[in-house]
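> Using only what follows, build the 3D model:
(one chain, ligands or ions: 1)
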Amino acid sequence: MPQIINGKEISAQIKEELKDKVKAMKEDGISVCLAVIQVGDDPASSVYVGNKKKACAYIGITSLSYELPEETTQEELLALIGELNKRKDVNGILVQLPVPAHIDKDAVIRAIAPEKDVDGFHPQSVGALCIGQEGFVSCTPAGIIQLLKRSGIEIAGKECVIIGRSNIVGKPMALLLLRENGTVTVTHSGTKDLKEVTRRADILVAAVGKPKMITREYVKEGAVVIDVGIHRNENNKLCGDVDYDDVAPVCSAITPVPGGVGPMTIAMLMNNCVESAALRQ
Ligand code: NDP
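Residues are numbered from 1 along each chain as shown. This is a model prediction of the structure:
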């Protein structure tokens with residue numbers, strides 16, 4: 001049986017560590033504060049925002065909540081971000097994506113001060129990651145590195161293959177694995193013979209956005225399989241990009257869905273907020 005990489009447990013561990021850190025910072029007179037902005041009332045976004053606020057409360061981070069109506073203009077949103085950028089008591093600013101279609105998402109991301117960009121989406125943060133400088137890193141791929149490290153899985157020297165090249169998962173994942181001295185290949189919808197490439201992987205990261213697409217034909221025996229996907233199947237149950245039952249018997253370690261990568265994203269967001277406050281100090 002493969003090692004089940006337990007994201008629920010590892011994320012809880014990280015949250016405990018952060019809770020202690022925040023307590024110690026408070027004793028030194030440093031507080032941590034995250035501003036969360038949601039435009040419109042998309043139900044999935046409301047759930048994500050609610051979970052982020054809950055995690056803040058648990059760790060001892062103050063969260064400021066801005067629930068703006070769907071018809072909020074881009075100018076209004078940018079003005080709010082501008083105010084929050086200036087506030088000394090605010091360490092992190094998060095705009096829950098997606099934003100309504102009349103708002104330019106990239107303009108919103110660019111408007112957040114890089115030192116408060118706890119999502120790690122600002123071009124300056126991405127550029128810093130690319131050239132090996134300090135900066136915030138996108139939370140999902142940062143969480144995957146923690147999952148691997150805390151599960152005792154070596155990255156250096158390994159063949160790492162990522163399926164997907166999105167700005168929030170695939171590309172930063174590639175840069176982080178490279179930083180850890182993995183040998184990295186990024187695949188996408190234009191990749192010829194995907195299975196041939198993925199079967200080379202010692203560490204396979206599936207961020208393709210297609211439910212259960214990755215079956216055992218894509219996986220080398222003994223590989224570590226990280227499943228980033230989140231979907232609801234026909235029975236309304238959560239599943240990933242990996243066909244877990246098919247792949248688990250042939251791999252050495254695997255993340256389940258739910259309880260794998262998912263919980264790590266919020267843990268790393270909290271980590272970025274705490275780091276932001278510590279750095280400011
Ligand atoms: P995107 O849809 O932005 O990217 C999907 C990527 O997969 C693209 O690069 C696309 O290629 C590639 N792709 C699509 N079809 C194929 C194919 N048949 N063969 C090879 N490559 C293919 O998704 P995200 O990166 O945002 O998310 C991926 C998954 O992870 C989703 O299920 C999402 O819900 C989940 N997710 C989970 C998070 C978590 O916290 N656990 C956080 C973020 C995302 P191309 O670029 O050529 O179009």
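> which SS class is Asn51?
helix (DSSP: H, G, I helix; E, B strand; the rest coil).
> Tell me the confidence at Arg280?
Per-residue confidence at Arg280 stands at 83 (pLDDT).
> Distance of the residue nearest to it when sequence neighbours are not counted relative to Ala113?
Leaving out its chain neighbours, the residue that sits closest to Arg280 by Cβ to Cβ, 6 or more residues apart in numbering is Asn91, at 6.3 Å. Every residue, glycine included, has its C-beta placed from N, CA and C. Computed with Cβ to Cβ, to the nearest Å, the distance linking Asn91 and Ala113 is 11 Å.
> out of these two, which sits in the more crowded spot?
Asn91 (27 against 15; other Cβ atoms under 10 Å).
> before we move on, what SS does Ala35 have?
Assignment for Ala35 (three-state DSSP): strand.
> Would you mind confirming that it is in contact with Leu64?
Yes: using Cβ atoms under 8 Å, Ala35 is in contact with Leu64, at 4.4 Å.
> Of the two, which one has the most company?
Ala35 (25 against 17).
> Contact partners for the closest residue to Ala128 other than its chain neighbours?
Of all residues not flanking Ala128 in the chain, Gly135 sits nearest, at 3.2 Å (Cβ to Cβ, 6+ apart). Going by Cβ atoms under 8 Å, 6 or more residues apart in numbering, Gly135 touches 114, 120, 124-125, 127-129.
> Mind checking which of these are in helices?
124-125, 127-129 (DSSP state H).
> Restricted to buried residues, select those residues in PyMOL.
Selection of buried members from these for PyMOL, criterion 16 or more other Cβ atoms under 10 Å:
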select buried, resi 124+125+128+129
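> Would you format the ones in helices among the contacts of Gly135 as TSV with pLDDT and distance to Cys239 included?
As requested, the ones in helices among the contacts of Gly135 are arranged in TSV below (pLDDT from 0 to 100; distance: Cβ to Cβ, whole Å):
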residue	pLDDT	distance to Cys239
Gln124	98	36
Ser125	98	31
Gly127	97	35
Ala128	97	35
Leu129	97	30
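> hmm, which two among the ones in helices among the contacts of Gly135 are most spread apart?
Using Cβ to Cβ, the pair of these lying farthest apart is Gln124 and Leu129, separated by 9.9 Å.
> overlap in contacts of Ala35 and Leu64?
Val90.
> can you give me the offset of stretch 5-21 from its chain's centre?
Computed by Cα atoms, centre = their mean, to the nearest Å, the separation of stretch 5-21 from the middle of its chain amounts to 15 Å.
> Please read the previous query as pertaining to stretch 59-67.
19 Å.
> Any chance you could list what contacts it?
15, 18-19, 22-23, 26, 31-38, 41, 49, 52-53, 55-57, 80, 90, 270, 273-274.
> Narrow these to those that are buried.
So, by 16+ other Cβ under 10 Å, the buried ones in the contacts of stretch 59-67 are 15, 18-19, 22, 32-38, 49, 52-53, 55-56, 80, 90, 270, 273-274.
> and the closest residue to Glu70 other than its chain neighbours, how many neighbours?
Distance criterion Cβ to Cβ, 6+ apart; nearest residue to Glu70, sequence neighbours excluded, is Gly40 at 4.0 Å. With neighbours defined by other Cβ under 10 Å, the count for Gly40 comes to 17.
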